[in-house]
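S.K.: sharing a model prediction with you, sequence too.
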Amino acid sequence: MNLSVRGLNAFHGAAQALFGVDLDLRAGEVLALVGRNGAGKSTLMRAIAGLVRARGSIELDGVQIAGWRADRRARAGIGWVPEDRRVFTQLTVAQNLDVAAAPPRAGLAPWTVARVHALFPELAPLHGRMAGTLSGGEQQMLAIARALTTQPGVILLDEPSEGVAPIVVERLAGAIAALRDEGMAVLLSEQNEALAAPVADRSVSIEDGVVRG
Ligand SMILES: Nc1ncnc2c1ncn2[C@@H]1O[C@H](COP(=O)(O)OP(=O)(O)OP(=O)(O)O)[C@@H](O)[C@H]1O
């Protein structure tokens, strides 16, 4: 799916965190969002997902979703993987995938458990394990896999390399490239060049809540 953001302002309480952000993301593209800690990367993703108070235009395949609640945006195709992953630690890997599962989306190949395992073969033998016992890298794969079972057309990945081993960063880069090649629109917030550089088709930088081309 295609995402178009125009003039987005976002707020934490009375404090404005984003100022007039414009962003275009197309199906089959990885756009890297680079910027220092506190620049506004997480706020932008959360504003797109509907989790931060914001004003402005957010169009998903030409449909204005800016006034919608987060759950409706998720059902419309916005997938979000938060920086802290938030896998359900007391559920198994299989249950984590199951709780989020949504019906297939018209025009997109469905993310079944088998397809998720093809993307992340590491998860297959772990299906009966409690998610809380997984390594940081395995939890990150599970968090992405769980977002995929919601059948997104756009996926927002907030610093997926944070706290994971370099070898896993390489794996994540490969998986993100595969998602892109299958037509996903990927917004990748990333400070780690090792992940962003090889997979990003384009990048934009964000500084003090302002996006620069
Ligand atoms: N829940 C919150 N309440 C108040 N201010 C917040 C909140 N979350 C973020 N901010 C502020 O909004 C600004 C942008 O933060 P944001 O987390 O979006 O940056 P970031 O680029 O994602 O950085 P990081 O990599 O540290 O997450 C910062 O000034 C931050 O202090």
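M.R.: Done, it's in.
S.K.: bridging residues for the spatially most central residue of the chain?
M.R.: For the chain, the residue lying nearest the average C-alpha position, counting by C-alpha atoms, centre = their mean, turns out to be Leu156 (2.1 Å). On DSSP bridges, the residues paired with Leu156 through beta bridges are Trp80, Leu187.
S.K.: touching, it and Gly79? I think so.
M.R.: Yes - using C-beta atoms under 8 Å, Leu156 makes contact with Gly79 at a distance of 6.7 Å. Every C-beta, even on glycine, is put in place using the N, C-alpha and C of the backbone.
S.K.: the host helix or strand of Asp24 pairs with which strands, and in what direction?
M.R.: Using DSSP states H and E, the element containing Asp24 is strand 15-25. When pairing is defined by DSSP bridges, strand 15-25 lines up against strand 3-12 (antiparallel).
S.K.: run through who's touching the strand it pairs with.
M.R.: 16-25, 40, 43-44, 46-48, 52-60, 154, 185, 187, 209 (C-beta atoms under 8 Å, 6 or more residues apart in numbering).
S.K.: what about 6 Å?
M.R.: When contacts are taken as C-beta atoms under 6 Å, 6 or more residues apart in numbering, the neighbours of strand 3-12 outside the stretch itself are 17-18, 20-25, 43, 47, 52-60, 154.
S.K.: which of those residues are close to the ligand?
M.R.: When contact is defined as C-beta under 6 Å from any ligand atom, these meet the ligand at Ala17, Thr43.
S.K.: for the strand holding Asp24, buried residues please.
M.R.: Ala17, Leu18, Val21, Leu23, Leu25 (16 or more other C-beta atoms under 10 Å).
S.K.: do the same with stretch 48-55
M.R.: Those would be Ile48, Ala49, Gly50, Leu51, Val52, Ala54, for stretch 48-55 by 16+ other C-beta under 10 Å.
S.K.: using CSV, list the CA coordinates for it.
M.R.: Included here for stretch 48-55 are C-alpha records, laid out as CSV according to Å, rounded to 0.1, in the frame of the first residue of the first chain:
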residue,chain,number,x,y,z
ILE,A,48,0.9,7.4,11.9
ALA,A,49,-0.3,4.4,13.9
GLY,A,50,-2.8,6.7,15.8
LEU,A,51,-1.1,6.5,19.2
VAL,A,52,-0.1,10.1,19.6
ARG,A,53,-2.3,13.2,19.4
ALA,A,54,-1.7,14.7,16.0
ARG,A,55,-3.1,17.0,13.3
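S.K.: show me how far it is from its chain's centre.
M.R.: Here the centre of mass of C-alpha atoms in stretch 48-55, compared against the chain's by C-alpha atoms, centre = their mean, to the nearest Å, lies 15 Å away.
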